[in-house]
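**Q** Sequence first, then the predicted structure, then my questions.
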Amino acid sequence: MYSYKLKKSGLRTQVCIDINHMVLFVSKSAPCKDHNDGSMMVEMGLANKIHEMDCVGVDGGYTQHIPTLLEREDSLDVRNFCFPIRKKPGQDLDEHEALFNSEFAGFRSMIEATFGDLGVQPHHMAWAEDGFDYPRKKAILVQSQVATVQNRLESGAELLRLQEEFLGMDLSDEDDMI
């Protein structure tokens, strides 16, 4: 499962997130050594997950895999994908193309930030610890030090407090909801 990017074992997972940071669907995880992002996108059955009017934003590395995907998925078209505009050799992007790429990069940064937020929690980064091995069938993932009984009790108490606060809200007045 070696990842050349991480210089150690790794799994790759494709995630589709909408503009509201909602995860729409996730691919099955696969060993990095046997799968790249583009081949996983081709294999994940995108046509079954999106509507013909949807547009999926992908970075420039995926564009070489779109023709293969379109050969497999009759209901999809190149219009279902949005990606950065590539600069032609010796020719700068015009003002509108540069603006598009800048705004698209902002969208991509938002997605990366979502995963950065996940990485803040130590148990989400267990895979990066020395000696970590991915769980096998019926093996239990060793919890990081964060998952102590005391931490779980405190988390449960906090969730209970938030639920009680929510249940105590007066939601009958629409102005309060806005």
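**A** Perfect, I can see it now.

**Q** what about Thr68, distance to Glu158?
**A** 47 Å (CB to CB, to the nearest Å). Bear in mind the C-beta positions are built from the backbone N, C-alpha and C, glycine included.

**Q** Which one of those two is surrounded by more residues?
**A** Between Thr68 and Glu158, counting by other CB atoms under 10 Å, Thr68 is the more crowded of the two (13 against 10).

**Q** residues contacting the more buried one?
**A** Val42 (CB atoms under 8 Å, 6 or more residues apart in numbering).

**Q** Would you check how far apart it and Glu112 are?
**A** Thr68 sits 25 Å away from Glu112, taking CB to CB as the criterion.

**Q** list the buried ones in the longest helix along the chain?
**A** Determined from DSSP state H, the single longest helix within the chain is helix 95-119. By 16 or more other CB atoms under 10 Å, the buried positions in helix 95-119 come out as Asn101, Phe104, Ile111.

**Q** Skipping its backbone neighbours, what lies nearest the second one in space?
**A** By that I understand Phe104. Distances taken as CB to CB, 6 or more residues apart in numbering put Pro84 closest to Phe104, at 5.5 Å, once the chain neighbours are dropped.

**Q** Does the one you found touch Phe107 like I think?
**A** No - with contacts counted by CB atoms under 8 Å, Pro84 stays clear of Phe107, the gap being 10.4 Å.

**Q** where in this structure is pLDDT low?
**A** Counting by pLDDT under 70, the chain contains low-confidence residues at 1-6, 115-130, 132-153, 171-178.

**Q** Which residue ranges of it form strands?
**A** 2-3, 8-9, 11-12, 15-17, 23-26, 30-31, 56-57, 81-82 (DSSP state E).

**Q** Mind checking those for the one nearest to Asn48?
**A** Minimum separation from Asn48 across those (CB to CB) falls at strand 23-26, 9.3 Å.

**Q** ok, the residue nearest to Ile66 when sequence neighbours are not counted - how many residues close by?
**A** Leaving aside its sequence neighbours, Ile66 sits nearest to Phe81 (CB to CB, 6+ apart; 5.7 Å). The tally of other residues near Phe81 (other CB under 10 Å) stands at 19.

**Q** quick one: Phe81 and Asp54, what's the gap?
**A** Phe81 is 10 Å from Asp54, where distance means CB to CB.

**Q** and if you look at Lys33?
**A** From Lys33 over to Asp54 the distance is 31 Å, taken as CB to CB.

**Q** who's in contact with stretch 78-87?
**A** Applying CB under 8 Å, 6+ apart, the external contacts of stretch 78-87 come out as 50, 52, 54-60, 62-63, 66, 70, 93, 97, 100-101, 104-105.

**Q** Pull up the distance across that stretch, start to finish.
**A** 19 Å (CA to CA, to the nearest Å).

**Q** Appreciated, that's everything.
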